[in-house]
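Engineer: coords please:
(one chain, ligands or ions: 1)
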Amino acid sequence: MSFQTFNLDASILKAIQEAGYDQPTPIQTKSIPEIMLNKHVLASAQTGTGKTAAFVLPILDKLTKNRSEGRGPRVLIVSPTRELATQITDSIKKYSRYLRINSITITGGISYGLQNRMFSKPIDILVATPGRLLDLYQQKKINFKGLEVMILDEADRMLDMGFVPDIRKIYNATSKKQQMLMFSATFDPPIQKIAQEFLTNPVTISIKPDVSGHKNIKQLIYFADNQSHKQQMLDHFIKNDEVTQAIIFTATKRMADQLSDQLYHSDIKTSALHGDMSQGSRTKTINRFKRNETKILVATDLASRGIDVKNISHVFNYDMPRFAEDYIHRIGRTGRANNKGIAISLVSPTDREFLRKIERFTNLKIEIASIPGMEATILKEAKAPKRKSKGRSFVKKGKVFKNEANAKKRIRSKPVFGKTNQSAPSR
Ligand code: AMP
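Structural biologist: Predicted structure coming up:
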């Protein structure tokens, strides 16, 4: 299938071609025709599947084919985080480079002066986070009556973050005649309830948790006894040449700062990224990382969605995420644009419950590995398989060798990430 079959405007097709996209991704194949037919769409797809283009392309087409004289906004895209909002805006810019579309982004960190300037021209597309959007509406600076399409992106996340009441207020301020699109990682009952409230006879499109899209990501678990054990292992990994650029995910902002400080003092170019930072410094941090001026980003889940940097070789889960969906998002920061990636999870006893949830959600048993001499007590205590056990293997440069002899033949130096051991204790 090619993008030509969608009957998109020629200027959009030209931009797609320049972006280097040969063919639509599954979510694009399913969503674009339905959105072009003005249907309400409820779609489950993760970041990394091309879901942004799945709604941006048909919207641009719609805006181009029917011009309007109003002040807009004609399209409203609501995003749970500033980072995702910026990412969506970047995509809009990329795909609309040959169109005359005015797209603006309003998020919590933007100054009121800049915001007022942005509102001085008619707006085609407004990308916004819920808080500031509602603020603007309540100050009567914005009117949603002319809205033609409203998109709720990462609705599951908005639900978790408690944004649904804000969204309801915004929705109630619209004519309710606009086309509604909702994207969510899951279709859990609370999401279905929201969909029933905001969407009319939606077409449901489900792209499974994208473990398939993660085929080029090697996922490994390293059991840890405690925090200092995690740090020891992290040091071991970071010093490795294979780590060209990495994101380390932590559960708390404090831990992100602390780890980033430690790495900085070990002469590693690093930055922290979390919600306590001003919008300006978050953007700077991400841009530096994108330009490869920083090697390691130590971040909270704020960075698990919406960061699209091609050369991230590794993702480390220093702490396991509380939500299984976040695991998918986190590891999807590596292995982008057909590159290979490695996702390493450091699992302490308190993380094990989260690991179980992740494995249930993804229907995956993640491979267990260990660093010789740094094994967790739980692994030392486990009955190690005998010499010829099939389950024992060595990992080097992302490759798993069937047995020790093979590994020794092929690996002259010490195994980079240690050995994998599938006969580890129950998790
Ligand atoms: P998203 O899921 O929207 O975060 O997109 C993930 C990445 O896929 C982005 O880097 C996009 O530029 C890229 N992308 C989107 N659509 C396509 C496509 N049809 N072919 C190749 N890459 C794509």
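Engineer: in which helix or strand would I find the residue of the stretch 51-200 of the chain found nearest the ligand?
Structural biologist: Going by Cβ to the nearest ligand atom, the ligand is nearest to residue 52 of the stretch 51-200 of the chain, at 3.1 Å. To be clear about C-beta, it is placed using only N, CA and C from the backbone, and glycine gets the same treatment. According to DSSP states H and E, residue 52 maps onto helix 51-65.
Engineer: paired strands for whichever helix or strand comes after that helix, with orientation please.
Structural biologist: Using DSSP H and E, the helix or strand that follows helix 51-65 in sequence is strand 75-78. Strand 75-78 pairs in its sheet with strand 125-128 (parallel), strand 149-152 (parallel), by DSSP bridges.
Engineer: quick revisit: got the CA coordinates for the helix holding residue 52 in PDB?
Structural biologist: Output of helix 51-65 as PDB, limited to C-alpha atoms (Å, rounded to 0.1, in the frame of the first residue of the first chain):
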ATOM      1  CA  LYS A  51       0.000   7.500  15.200                       C
ATOM      2  CA  THR A  52       0.700  11.300  15.000                       C
ATOM      3  CA  ALA A  53       0.800  11.200  11.200                       C
ATOM      4  CA  ALA A  54      -2.300   9.000  11.300                       C
ATOM      5  CA  PHE A  55      -4.400  11.900  12.500                       C
ATOM      6  CA  VAL A  56      -2.300  14.900  11.300                       C
ATOM      7  CA  LEU A  57      -2.200  13.900   7.600                       C
ATOM      8  CA  PRO A  58      -6.000  13.600   7.100                       C
ATOM      9  CA  ILE A  59      -6.600  16.800   9.100                       C
ATOM     10  CA  LEU A  60      -4.200  18.800   7.000                       C
ATOM     11  CA  ASP A  61      -6.000  17.500   3.900                       C
ATOM     12  CA  LYS A  62      -9.300  18.500   5.300                       C
ATOM     13  CA  LEU A  63      -8.100  22.000   6.200                       C
ATOM     14  CA  THR A  64      -6.600  22.500   2.800                       C
ATOM     15  CA  LYS A  65      -9.500  21.200   0.800                       C
END
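Engineer: residue 233 against residue 373, yeah?
Structural biologist: No: applying Cβ atoms under 8 Å as the test, residue 233 and residue 373 come out as separate, 10.8 Å apart.
Engineer: between the two, which one's more packed in?
Structural biologist: residue 233 (23 against 9; other Cβ atoms under 10 Å).
Engineer: what strand or helix carries the residue most central in space within the chain?
Structural biologist: Note on the chain: the residue nearest the mean C-alpha position is residue 305, at 2.5 Å, using Cα atoms, centre = their mean. Here residue 305, judged by DSSP H and E, is contained in no helix and no strand.
Engineer: what lies in contact with stretch 167-178?
Structural biologist: By Cβ atoms under 8 Å, 6 or more residues apart in numbering, the surrounding residues in contact with stretch 167-178 are 76, 78, 130, 133-134, 137, 144-145, 147-150, 152, 158, 197-198.
Engineer: how far off centre is it?
Structural biologist: Stretch 167-178 sits 27 Å away from the centroid of its parent chain (Cα atoms, centre = their mean, to the nearest Å).
Engineer: same check on stretch 323-335?
Structural biologist: Counting by Cα atoms, centre = their mean, stretch 323-335 comes out at 6 Å from the chain centroid.
Engineer: ok, and does that stretch reach over to the ligand?
Structural biologist: No: Stretch 323-335 does not reach the ligand (Cβ under 6 Å from any ligand atom); its nearest approach is 8.3 Å.
Engineer: contact residues of the chain facing the ligand?
Structural biologist: Residues of the chain found near the ligand (Cβ under 6 Å from any ligand atom) are 21, 24, 25, 28, 47, 48, 49, 50, 51, 52, 53, 308.
Engineer: ok, back up a step: tabulate the strands paired with strand 75-78 (JSON lines), appending mean neighbour count, distance to residue 349 and mean pLDDT.
Structural biologist: Below are the strands paired with strand 75-78 laid out as JSON lines (neighbours: other Cβ atoms under 10 Å; distance: least, Cβ to Cβ, whole Å; pLDDT from 0 to 100):
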{"stretch": "strand 125-128", "mean neighbour count": "26", "distance to residue 349": "41", "mean pLDDT": "97"}
{"stretch": "strand 149-152", "mean neighbour count": "25", "distance to residue 349": "38", "mean pLDDT": "98"}
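Engineer: what's the spacing between the residue in the stretch 251-400 of the chain that the ligand sits nearest to and residue 329?
Structural biologist: With Cβ to the nearest ligand atom, the shortest gap between the stretch 251-400 of the chain and the ligand falls at residue 308, namely 4.6 Å. Separation of residue 308 from residue 329 (Cβ to Cβ, to the nearest Å): 12 Å.
Engineer: okay, now the domains of this structure?
Structural biologist: 3-206, 212-383, 387-427 (automatic domain parsing).
Engineer: dihedrals phi and psi, the closest residue to residue 65 other than its chain neighbours?
Structural biologist: Of all residues not flanking residue 65 in the chain, residue 9 sits nearest, at 6.9 Å (Cβ to Cβ, 6 or more residues apart in numbering). The phi/psi pair for residue 9 (degrees, to the nearest 10) reads phi -50, psi 140.
Engineer: neighbours around residue 9, how many?
Structural biologist: Neighbour count of residue 9, defined by other Cβ under 10 Å: 18.
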